[in-house]
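K.L.:
Using only what follows, build the 3D model:
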Amino acid sequence: MGVVAALDALRVAVPDQVILDGISLNFNAGELIALIGPNGAGKSTLLRAAAGLTRCDGAIMLGGAALPGLNARERARRVAYLAQGGAIHWGLRVRDIVALGRLPHGGGALSAKDLDIVTRVITECGLDAIADRRADELSGGERARALFARALAVEAPLLLVDEPVASLDPAQQLGVMSLLAAEAMKGRAVVAVLHDLGLALNHAHRLIALDRGQVVADGRPADILRDGALERLYGVRFIHAEVAGATLISAQG
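P.N.:
Take a look at the predicted model:
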């Protein structure tokens, strides 16, 4: 697998706190990576740093190019980022929101290829029925899916998504995880912050666990589950079982 993004000795600090401390990771093509850890571990900060949205020490390489040396359009073509709980402040139609994902590839009128990608992504994300509705007419879950579709429409080699299933019902959560896996199958590196350990264990190829700004586990979900890393990470006991090919997990006080 090729390295899509390489992070070397990343450090993010504010006056009274070190948020990330010496993070070195590779995000590889074809991987769906679940970023897990307790609240305040630094997960969202890591995504923002990898996207070039947070000042940090260390080095970030995207496709062999240093992130600081890329102009805004080049960066936007190489990495797509979906923030946690993203808001939409304009009365755009859903299809126009999704089309924003194609701006880094042109800047003027959408090409026929752009329009085809927007149409396909709208369908894949189950947005056909609301494609012409305004953002201010949408429910929270519908807005979340529209913004997720915009990120997919970029078709960037690196896709960073922060809690993409947080406001969705169970069927929609499974749909989003399937779409993320499909993006990885296309050769992209996909990194998703997830709090639902069941989704992480059953859908991700790799888990990266953060605690207090450091990587404390990095490996295949089955290996991390087996060696007790989750218990050490969250400070609770987990009961898990394999049922019909899926891992069921529950935290016990």
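K.L.:
Assign a three-state SS to Arg73, would you?
P.N.:
Assigned state for Arg73: helix (three-state reduction, DSSP: H, G, I helix; E, B strand; the rest coil).
K.L.:
thought it was touching Gly106?
P.N.:
No. Distance between Arg73 and Gly106: 9.8 Å, which falls outside the contact criterion (CB atoms under 8 Å). Where C-beta positions appear, they are placed from N, C-alpha and C, glycine not excepted.
K.L.:
if I look at the closest residue to Gly106 other than its chain neighbours, how far off is Leu100?
P.N.:
Beyond its immediate neighbours in the sequence, the residue positioned closest to Gly106 (CB to CB, 6 or more residues apart in numbering) is Asp114, lying 6.5 Å away. Noted for Asp114: a distance of 11 Å to Leu100, by CB to CB, to the nearest Å.
K.L.:
Equivalent analysis for Asn202, please.
P.N.:
31 Å.
K.L.:
And for Leu67?
P.N.:
When distances are taken as CB to CB, Leu67 and Leu100 turn out to be 22 Å apart.
K.L.:
So for those two, which residue has more residues nearby?
P.N.:
Neighbours per residue (other CB atoms under 10 Å) separate Leu67 from Leu100, with Leu67 holding more: 20 against 16.
K.L.:
for the more buried one, phi and psi?
P.N.:
Leu67 adopts backbone torsions of phi -60, psi -40, taken as degrees, to the nearest 10.
K.L.:
residues contacting it?
P.N.:
Residues counted as contacts of Leu67 (CB atoms under 8 Å, 6 or more residues apart in numbering) are Gly52, Ile60, Met61, Arg75.
K.L.:
Then Phe27?
P.N.:
Neighbours of Phe27 in contact, by CB under 8 Å, 6+ apart: Val3, Val4, Ala5, Ala6, Leu7, Ile33, Ala50, Leu158, Ala189, Val191.
K.L.:
same deal with Gly126?
P.N.:
Contacts for Gly126 (CB under 8 Å, 6+ apart) come out as Arg145, Gln172, Gly175.
K.L.:
and it, helix, strand or coil?
P.N.:
The three-state label for Gly126, taken from three-state DSSP, comes out as coil.
K.L.:
one step back: export the contacts of Leu67 to JSON lines and append columns for neighbour count, secondary structure and distance to Asn26.
P.N.:
Compiled in JSON lines, the contacts of Leu67 are given as follows (neighbours: other CB atoms under 10 Å; DSSP: H, G, I helix; E, B strand; the rest coil; distance: CB to CB, whole Å):
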{"residue": "Gly52", "neighbour count": "19", "secondary structure": "coil", "distance to Asn26": "17"}
{"residue": "Ile60", "neighbour count": "20", "secondary structure": "strand", "distance to Asn26": "11"}
{"residue": "Met61", "neighbour count": "16", "secondary structure": "strand", "distance to Asn26": "9"}
{"residue": "Arg75", "neighbour count": "20", "secondary structure": "helix", "distance to Asn26": "19"}
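K.L.:
Dump the residues you listed into JSON lines; add distance to Trp90 and pLDDT as well.
P.N.:
Listed next are the contacts of Leu67 as JSON lines, based on distance: CB to CB, whole Å; pLDDT from 0 to 100:
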{"residue": "Gly52", "distance to Trp90": "23", "pLDDT": "93"}
{"residue": "Ile60", "distance to Trp90": "30", "pLDDT": "96"}
{"residue": "Met61", "distance to Trp90": "34", "pLDDT": "96"}
{"residue": "Arg75", "distance to Trp90": "23", "pLDDT": "94"}
